[in-house]
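Student: What follows is a predicted protein model with its sequence.
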Amino acid sequence: MNSDASPQIVKPAAAVSLGRGLDLRSPVMLASGTVSYGEELSRLCDLRKIGGIVTKAISLEPRTGNPPQRIAETPSGMINAIGLANVGVERFIAEKVPFLRGLGTAVIVNIAGRSIDDYCEVVSRLDTVEGLHAYEINLSCPNVKGECMIMGVSRDATFEIVSELRKLTRRHLMIKLTPNVTSISSIALAAQEAGADSVSLINTLVGMAVNYKTRKPLIKNRHRRPLRTGNKTRSTCKSLGSLQRRKYSGSRHGRHRQLRRRHGIPARRCKRNTDRHHELRLPRHQPANRPSHRNPLLRTKRPGIPGLCGKPDCLNAVG
């Protein structure tokens, strides 16, 4: 054996086959809603290196979505209530599909609707278009009224809609389910019995962000009055499994309860802004002339800066 020969680098086989023609170069896919239709992200990276891209939700008619404000940051992630804004199936076929067809990766179209007829009509129109590999049926969006999640929380409704869609297409059917149910496993089994090829777990949780000054929700979701909730993302979704494993007695008496903070529910306990019952306490505003640890100019003399000696009359003279 020649010791001078450079070692060969063997790349692991990462290809995944999910059935019905959905073959992925990599198990990593871009989730729906994170990259729109892929046009913006394609300028920054090579999308051929990923397994597939899941488009924004496509509905039968165009939608403008919810009015602003529809995005808010919280200590445990982000809350959004976009409202399934999209261009509609006709513009999607005419304007977006030609670009997606040339990406060189699997294209999964996310589909949303108000009724079973809407889902069937969108699938029927897309099934005649080349370059698409699978459909992700959205039965889990909580930010639209009377649709999506209404079907996804019912085992019978899920079975009915998947059965109808299975009759219309031979492409891969992926069902996107909601975690806001009592038993997600029973709904997933119903989708499998109806002919689904896979399930997409999970969509976002229902959450709410509150402005601690006005005591009003930050998200202006017109479909969820008066609470105006939105989608909770990031660490809260990841910890859902561990939250369900906690004992009833522990959560009831507050040992493990995640308590409210300034801008979100749930969040970690913040002792400075909570009372003895660990409930939210609005901060008391100090007078401008009172020394404070947040403003060192009010408690120490600053030579060379006239007027900043910590006295009210000096502050008024400067300001």
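Tutor: In hand now; what should we look at?

Student: for this protein, what spans make up the helices?
Tutor: When secondary structure is read from DSSP state H, the chain shows helices at 89-91, 97-101, 116-126, 149-152, 155-168, 184-194, 235-238, 240-244, 248-252, 312-318.

Student: weakest of those in terms of mean pLDDT?
Tutor: Mean pLDDT is lowest for helix 248-252 out of the helices of the chain, coming in at a mean of 35.

Student: how about the strands in this structure?
Tutor: Taking DSSP state E, the strands of the chain run over residues 16-17, 23-24, 29-30, 52-54, 71-74, 77-80, 106-111, 134-138, 172-176, 198-200, 205-207, 210-211, 216-217, 230-232.

Student: Gly88 is nearest to which of the ones you listed?
Tutor: With CB to CB, the closest approach to Gly88 among the strands of the chain belongs to strand 106-111: 11.9 Å. In this view, the C-beta of every residue, glycine as well, is placed from N, C-alpha and C.

Student: low-confidence ranges in the stretch 1-150 of the chain?
Tutor: Along the stretch 1-150 of the chain, the parts satisfying pLDDT under 70 run over 1-6, 142-149.

Student: can we see that at 90?
Tutor: Within the stretch 1-150 of the chain, the stretches with pLDDT under 90 are 1-14, 33-35, 40, 43, 45, 49, 65-83, 114, 140-150.

Student: picking up where we left off before, output the strands of the chain in CSV, with distance to Ala94 and mean neighbour count appended to each entry.
Tutor: What follows is those, written out as CSV (distance: least, CB to CB, whole Å; neighbours: other CB atoms under 10 Å):
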stretch, distance to Ala94, mean neighbour count
strand 16-17, 31, 12
strand 23-24, 27, 18
strand 29-30, 23, 18
strand 52-54, 19, 23
strand 71-74, 29, 18
strand 77-80, 28, 22
strand 106-111, 14, 24
strand 134-138, 19, 26
strand 172-176, 24, 24
strand 198-200, 27, 19
strand 205-207, 35, 21
strand 210-211, 42, 17
strand 216-217, 38, 16
strand 230-232, 29, 27
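
Student: So for Gly65, which of these sits nearest?
Tutor: Closest among the strands of the chain, using CB to CB: strand 77-80, at 10.3 Å.

Student: quick one: which of the strands of the chain is nearest Ser185?
Tutor: The closest of the strands of the chain to Ser185 is strand 198-200. By CB to CB, the value is 10.1 Å.

Student: Alpha carbons of stretch 49-68, as CSV, please.
Tutor: Written as CSV, here are the backbone C-alpha positions of stretch 49-68 (Å, rounded to 0.1, in the frame of the first residue of the first chain):
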residue,chain,number,x,y,z
LYS,A,49,-28.1,20.9,-2.5
ILE,A,50,-31.2,20.5,-0.4
GLY,A,51,-33.8,17.7,-0.6
GLY,A,52,-36.8,19.8,-1.5
ILE,A,53,-38.7,23.0,-1.1
VAL,A,54,-42.2,23.4,0.3
THR,A,55,-43.9,26.4,-1.1
LYS,A,56,-46.1,28.9,0.6
ALA,A,57,-49.7,27.8,1.0
ILE,A,58,-51.7,28.0,-2.3
SER,A,59,-55.4,28.6,-2.2
LEU,A,60,-58.1,28.6,-4.9
GLU,A,61,-58.3,32.4,-4.9
PRO,A,62,-55.6,35.1,-4.1
ARG,A,63,-55.4,36.3,-0.5
THR,A,64,-54.0,39.4,1.1
GLY,A,65,-53.8,37.8,4.6
ASN,A,66,-54.3,39.5,7.9
PRO,A,67,-53.7,43.3,8.4
PRO,A,68,-50.5,44.4,10.3
